[in-house]
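**Q** pasting the structure only:
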DNA sequence: CTGTATAAAGAGACCGGTCTCACAACATAT
DNA sequence: ATATGTTGTGAGACCGGTCTCTTTATACAG
């Protein structure tokens, strides 16, 4: 027990240099792996470094090189399977290119997002991947660009920002799912999302500040309209932010005049809440109500019936976002693009066929 | 489109100082919020900083202060709900104290863990939370201590290391669950874990390198022994690392001479795999086989039947680990402790009552 | 009106790396 | 033998903050 607990000063190149009886510059060349050094001196320095247990100070290294080797990721909520899977994709891409990832949670709140971005810029991350909580507040993101830090948006696009974005093909996904439901004979469909909303209802699709949700809603509405079904906006419900809210949203929805026969859940958390709501209302899926959820979450395949889902390939989305960002960091000459990762409908057992 | 895309040099205190017509030292005092400066000068500097959009370089700040404000976390797999929940607990505790979190995945592999630890030390994190993949390889962790970086172990303890650890009360949890199963009339119980193993079997409990699993197995065995049940070791099966492996483990287990009537899953991923295995074998829970899983994962409450689980309070564990580490970083005079977070059995519907 | 205490601002070292430049030693060309 | 080139090493500036030490300006006491 003789090691002094109080943080002894770390070993530096200067210490190694002294021990190896060479100049600081030479030791640095060996330890930093740059420049030219003779084999003999290299061995001397390496031996000294090993003996002293030298560990380079990456902070100092970043200072002089201007590169931190870190990419910053701001997500809505890591606990959400969507984001944790995406983060794995990003991390894998990053590790492959020698970068590390620092993660910040915004909790889908604009202020938290702003300070997270500021903080990461302060840490001099080499690039930033952000899931913007709102697509209508962009000055903090413009500042990122002005600061010269490469930026890639994730899951949601902001056309005005002129920056790369990796998203699902949300419009198409919603169209496919909605057409499928109609094909199965459903005529009254509802779309339920966790987006905050004043009254749970919706008057203007264009005002949905989350582009992924907006595009899905657009796809949903366009199919209903093209099928000549009445009043599509009526069946769009926001505010399913927790179990209690979801319970009341679902209860209200199903007790109205002409209740929907099928529900489309905006993400897997909402899907799970809806499932539980229906369960607690004693309704059977798909006999009483049909449902489709986004994201192939764990729970969707073990329920009775298993849930029909729109698979979003989130891992690939994350990986793609990571790769794109790294390409930007390495100054690849690329046009600004919106990269859409295609989704697919996985039919399981939660949609009933209705014959008229 | 006139902003030059090529990363213009960032604004520094010196730039602000020049613009505000004061010395670098004075500007730094204002911007860094230390020392004494007159109100007039403060205003001047702040105005200049705002005009230039000054953002402090946290890297440089860390260099001189020796504190990075970052705590490093090395987990087995963020995608695992156990860890993502824990990370949220850690992050919340960190944010509250003004720290940020950098996460690294070890994939439960020792080499990856070592390099992650090295990397984080290199980044000069203020402290480290590690989920050690193996409890029998500790030199890299000893080096952390020698480097003077506070360390807290998570989920698994290593007594030889003389360092704080936050874990569940794994032994008790296993005892409670096992006693419950015996109380329900079960006489042949199996414990299934994802730990790597040579042959899937087990000869020596002491050789299990993951202390959480080891302690649970010990608890499990002790109850079986005390109940006078034969050959407990025979019913401990490792190697359920993926669906395919799990399928074969379960199949083998159930096709043997005296198959178990109840299964205890070491974590929620294993639990899910076991559930799917049983499902694909056409076995009904709990009629044909009973099961209990660790961790209150999403899926466990929506299956039919819902799964009886051992709730681990992972968020609290994470938060506690974060708080403990921060106390260490701030040099609180604390004895080295093993903090056990108590677990509780949540009885749902996956265990049958057997009457003899 | 001088002396001393005190507050505010400036000068410059320092953290631990990287990297440019100067220089020495030796090999090759003329 | 001198000019030129090449290679390996050393000296020291630099990154952008913090922080100590010194200097200058102002206040108040005697």
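**A** Looks like it arrived, so ask away. Because the structure is a prediction, the values reported are computed rather than measured. Numbers count the residues shown, from 1 in each chain, chains lettered A, B, ... in the order given.
**Q** How many neighbouring residues does the closest residue to residue A:173 other than its chain neighbours have?
**A** Spatial nearest neighbour of residue A:173, excluding adjacent residues (CB to CB, 6 or more residues apart in numbering or on different chains): residue A:343 at 4.1 Å. All C-beta spots, glycine's among them, are computed from the backbone N, C-alpha and C. Using other CB atoms under 10 Å in any protein chain shown, residue A:343 has 23 neighbouring residues.
**Q** got a list of what residue A:343 touches?
**A** A:168-170, A:172-173, A:176, A:310-313 (CB atoms under 8 Å, 6 or more residues apart in numbering or on different chains).
**Q** Endpoints of stretch A:191-207, how far apart?
**A** End-to-end distance for stretch A:191-207, by CA to CA, to the nearest Å: 16 Å.
**Q** check which helix or strand covers residue A:116.
**A** Here residue A:116, judged by DSSP states H and E, is contained in helix A:110-122.
**Q** what's the helix or strand immediately after that helix in the chain packed up against?
**A** Using DSSP H and E, the helix or strand that follows helix A:110-122 towards the C-terminus is strand A:127-130. Contacts defined by 3 or more CB pairs under 8 Å, 6 or more residues apart in numbering or on different chains; DSSP states H and E place strand A:127-130 against strand A:70-75, helix A:110-122, helix A:139-146, strand A:151-154, helix A:314-329.
**Q** So what's the residue count around the closest residue to DNA strand C within the stretch 201-350 of chain A?
**A** The minimum distance from the stretch 201-350 of chain A to DNA strand C, using CB to the nearest atom of the strand, falls at residue A:330 (15.3 Å). Residue A:330 has 11 neighbours, counted by other CB under 10 Å.
**Q** Quick check: it vs residue A:324, distance?
**A** 11 Å (CB to CB, to the nearest Å).
**Q** what does residue A:240 give?
**A** 31 Å.
**Q** So for these two, which sits in the more crowded spot?
**A** Legend: neighbour count by other CB under 10 Å for residue A:240 and residue A:324, higher for residue A:240 (28 against 23).
**Q** Is the more buried one in a helix, a strand, or coil?
**A** coil (DSSP: H, G, I helix; E, B strand; the rest coil).
**Q** so where's the stretch 51-200 of chain A uncertain?
**A** Where the stretch 51-200 of chain A drops to pLDDT under 70, the residues are A:197-200.
**Q** can you tell me the residue of it closest to chain B?
**A** Nearest to chain B, among the residues of the stretch 51-200 of chain A, is residue A:148, at 3.1 Å (CB to the nearest CB).
**Q** Helix or strand for residue A:101, just tell me which one.
**A** strand A:100-105.
**Q** Which of the contacts of residue A:343 fall within strands?
**A** Among these, DSSP state E puts A:168, A:310-311 in strands.
**Q** would you list every one of the helices in the stretch 251-356 of chain A?
**A** A:268-280, A:314-329 (DSSP state H, counting those that start in this stretch).
**Q** okay if I get those as JSON lines plus distance to residue B:144 and mean pLDDT?
**A** Formatted as JSON lines, these follow (distance: least, CB to CB, whole Å; pLDDT from 0 to 100):
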{"stretch": "helix A:268-280", "distance to residue B:144": "37", "mean pLDDT": "97"}
{"stretch": "helix A:314-329", "distance to residue B:144": "28", "mean pLDDT": "97"}
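**Q** Compare these and give me the one nearest DNA strand D.
**A** helix A:314-329 (17.7 Å).
**Q** how far is stretch A:180-192 from where the chain is centred?
**A** Its chain's C-alpha centre and that of stretch A:180-192 lie 28 Å apart, by CA atoms, centre = their mean, to the nearest Å.
**Q** Residue A:86 against residue A:322, yeah?
**A** No. Look at residue A:86 against residue A:322 with CB atoms under 8 Å: they stay out of range, at 9.4 Å.
**Q** got the residues of chain A near DNA strand C?
**A** A:9-14, A:24-25, A:28-29, A:31-32, A:34-35, A:54, A:56-57, A:60-61, A:63-65 (CB under 7 Å from any atom of the strand).
**Q** What subset of those residues is buried?
**A** A:10-13, A:28-29, A:31, A:54, A:56-57, A:60-61, A:63 (16 or more other CB atoms under 10 Å in any protein chain shown).
**Q** could you list every residue that touches residue A:48?
**A** Residue A:48 neighbours (CB under 8 Å, 6+ apart): A:16, A:19-20, A:27, A:54.
**Q** Please narrow the residues you listed to those residing in strands.
**A** Filtering those for strands - DSSP E - leaves nothing at all.
**Q** Out of the residues you listed, which two sit at the greatest distance?
**A** Pairwise distances across those peak at 10.4 Å for A:20 and A:54 (criterion: CB to CB).
**Q** Other residues contacting stretch A:97-116?
**A** So stretch A:97-116 is in contact with A:69-78, A:87, A:90-91, A:94, A:119-120, A:123, A:125-126, A:130-134, A:137, A:140, A:322-323, A:326, A:329, B:70, B:88, B:91, B:100-104, B:119, B:123, going by CB under 8 Å, 6+ apart.
**Q** Kindly report the same for stretch A:208-217.
**A** Residues contacting stretch A:208-217 (CB under 8 Å, 6+ apart): A:133-136, A:155-158, A:167-168, A:170-171, A:173-174, A:191, A:193, A:195, A:202, A:205-206, A:236, A:266.
**Q** ok, 7 Å please
**A** A:134-136, A:155-158, A:167-168, A:170-171, A:173-174, A:191, A:193, A:195, A:205, A:236, A:266 (CB atoms under 7 Å, 6 or more residues apart in numbering or on different chains).
**Q** and if you look at stretch A:75-85?
**A** Outside stretch A:75-85, the residues that touch it by CB under 7 Å, 6+ apart are A:87, A:103, A:105-108, A:131, A:133, A:267-269, A:295, A:297, A:314-315, A:318, B:78-79, B:84-85, B:87-88.
**Q** Mind doing that once more with 6 Å?
**A** With contacts defined as CB atoms under 6 Å, 6 or more residues apart in numbering or on different chains, stretch A:75-85 is touched by A:105-106, A:108, A:131, A:268, A:295, A:297, A:314-315, B:78-79, B:84, B:88.
**Q** Now do the contacts for residue A:277.
**A** Here residue A:277 is in contact with A:246-247, A:250 (CB under 6 Å, 6+ apart).
**Q** Which of those fall in helices?
**A** A:246-247, A:250 (DSSP state H).
**Q** wouldn't residue A:29 be in contact with residue A:37 here?
**A** Yes. Contact criterion CB atoms under 6 Å: residue A:29 and residue A:37 qualify, at 5.0 Å.
**Q** about what we covered before: also near chain B: which of the buried ones among the residues of chain A next to DNA strand C, exactly?
**A** A:56, A:63 (CB under 6 Å from any CB of the partner chain).
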